[in-house]
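Novice: Next come a sequence and a model predicted from it.
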Amino acid sequence: MNEPFVEITRGPIVESAHVVSACAVDRTGRAILQIGDIESPVYLRSSAKPFIAAASVREGVVERFGLEPREIAVMAASHSGEPFHVEAVRSILRKIGLTEAALQCGPHPPYNTAAAAELARHGEPFTAIHNNCSGKHAGILALCVLLDCDPSTYMELQNAAEQTILEFCARMTGDKAADFPIGIDGCGIPVFAVSTLHGARAFMRLATLEGIGLQDASALAVVRDAMLAYPLYIAGTGEFDSVLMSTFGGSITCKGGAEGVHGDALISGAIGMLVKVRDGARRAVAPTVFAMLDELGAIDEDAKAALEIFAAPPIRNRAGRIVGATRTKRAMILETRKT
């Protein structure tokens, strides 16, 4: 159950290894693919962003503030701080009548190295607008304004916006919001934990729009369509989530999260997936996602070629020489597949 699934080799030996909990479920919610423990709770972290955005959409922020698909996409994003990301967040804030000062997510440099270098070249400081979660925060602030609750407390658990979000997310996972273990995310908002199985079921609902109320399904569809239309807004240039969505051309939408979490909605296959790398290592996420998609028969040869750099990244030394490899233990998937 706890054998490593992703291995990092150097020369003839396995130098490091990562244990994974992951599963894929069909449209009935039944697990059809499983790796490791799928019952223990895991924080969804930023993988919950599509559902957080959908909670705001359900309440009417799109109609009230005239939000565009690119703005909805950035609400569901962990963006890399490129200029188009920043402008989309600023546009949301303008439309809801707030300034960047309302963002409480904290500053960090853009993940995109070119964007970070451009700020430095002009002597401009990075601020909260460059935080990868600023779109999510702008979306929650929009919900606060809509609900007429205090935007200055939008990150507090008892704020009406946060309660609305948790109730929506609970409907997606099939849990009760009151039963969620709650922590504080890296950007400051409440973050909930569910089993890997229930997290996969939430992404199945994102894929199928089934088994939920009409208003919930309509809100999910708006967010899903925005993500598919603007994949670069979800992560950024060269980032795994954006490349994965672009490669599959509308048949998969996905969202990664901190500490080795990744959710995928296979729209054409009516399948939801959730991956959790137990030690939180980001480098093990894409290889696991790729291995699962491959086992499900979701990847053709063109997609394999486009995603190869993520699926099995080589280990290089400082001079750029390849000295090792990343590999997954595919037999483990075959042994645990549900029939």
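Specialist: Perfect, I can see it now.

Novice: Run a quick neighbour tally on residue 52.
Specialist: Neighbour count of residue 52, defined by other CB atoms under 10 Å: 27. C-beta coordinates here come from the backbone N, C-alpha and C atoms, glycine included.

Novice: no, scratch that, I was asking about residue 47
Specialist: By the criterion of other CB under 10 Å, residue 47 has 25 neighbours.

Novice: Sticking with the closest residue to residue 279 other than its chain neighbours, tell me its helix or strand.
Specialist: In space, and not counting its chain neighbours, residue 279 is closest to residue 18: 5.9 Å by CB to CB, 6 or more residues apart in numbering. Secondary-structure assignment from DSSP states H and E places residue 18 in strand 13-25.

Novice: neighbouring strands for the following helix or strand past that strand, and are they parallel or not?
Specialist: Per DSSP H and E, the first helix or strand lying C-terminal to strand 13-25 is strand 31-35. Strands that pair with strand 31-35, judged by DSSP bridges, come out as strand 13-25 (antiparallel).

Novice: Buried residues of the strand holding residue 18, list them for me.
Specialist: The neighbour-count check on strand 13-25 (16 or more other CB atoms under 10 Å) flags 16-25 as buried.

Novice: Just the CA trace of it, in CSV.
Specialist: Output for strand 13-25, consisting of C-alpha atoms alone and laid out as CSV, is shown next (Å, rounded to 0.1, in the frame of the first residue of the first chain):
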residue,chain,number,x,y,z
ILE,A,13,20.6,2.9,-8.3
VAL,A,14,17.3,4.5,-7.1
GLU,A,15,18.5,7.6,-5.2
SER,A,16,15.0,8.9,-4.1
ALA,A,17,11.5,7.7,-4.2
HIS,A,18,8.0,9.1,-3.6
VAL,A,19,4.9,7.4,-2.2
VAL,A,20,1.6,8.4,-4.0
SER,A,21,-2.0,8.3,-3.1
ALA,A,22,-4.2,8.6,-6.2
CYS,A,23,-7.3,7.4,-7.8
ALA,A,24,-9.6,7.8,-10.8
VAL,A,25,-13.4,7.4,-10.6
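
Novice: to the chain's geometric centre, what's the distance from that strand?
Specialist: 19 Å (CA atoms, centre = their mean, to the nearest Å).

Novice: repeat for stretch 104-122
Specialist: What separates the centre of stretch 104-122 from the centre of its chain is 21 Å, taken as CA atoms, centre = their mean.

Novice: can you pull the buried residues of the helix or strand in which residue 172 is found?
Specialist: Under the criterion of DSSP H and E, residue 172 resides in helix 160-173. Buried residues in helix 160-173, defined by neighbour count with 16+ other CB under 10 Å: 161-166, 168-173.

Novice: now for that helix, which elements pack on it?
Specialist: Where contact means 3 or more CB pairs under 8 Å, 6 or more residues apart in numbering; DSSP states H and E, helix 160-173 is packed against helix 49-59, helix 134-147, strand 190-195, helix 196-208, helix 214-229.

Novice: One more pass at 6 Å, please.
Specialist: Applying 3 or more CB pairs under 6 Å, 6 or more residues apart in numbering; DSSP states H and E, one finds that helix 160-173 makes contact with helix 49-59, helix 134-147, helix 196-208.

Novice: tell me the mean pLDDT for the last one?
Specialist: Taken as a whole, helix 196-208 has an average pLDDT of 98.

Novice: now do the shortest one
Specialist: pLDDT averaged over helix 49-59 equals 98, rounded to a whole number.

Novice: what about residue 126, distance to residue 111?
Specialist: 11 Å (CB to CB, to the nearest Å).

Novice: Neighbour count: the two, which is higher?
Specialist: The neighbour count for residue 126 versus residue 111, taken as other CB under 10 Å, is higher for residue 111 (19 against 16).

Novice: Okay then, goodbye and thanks.
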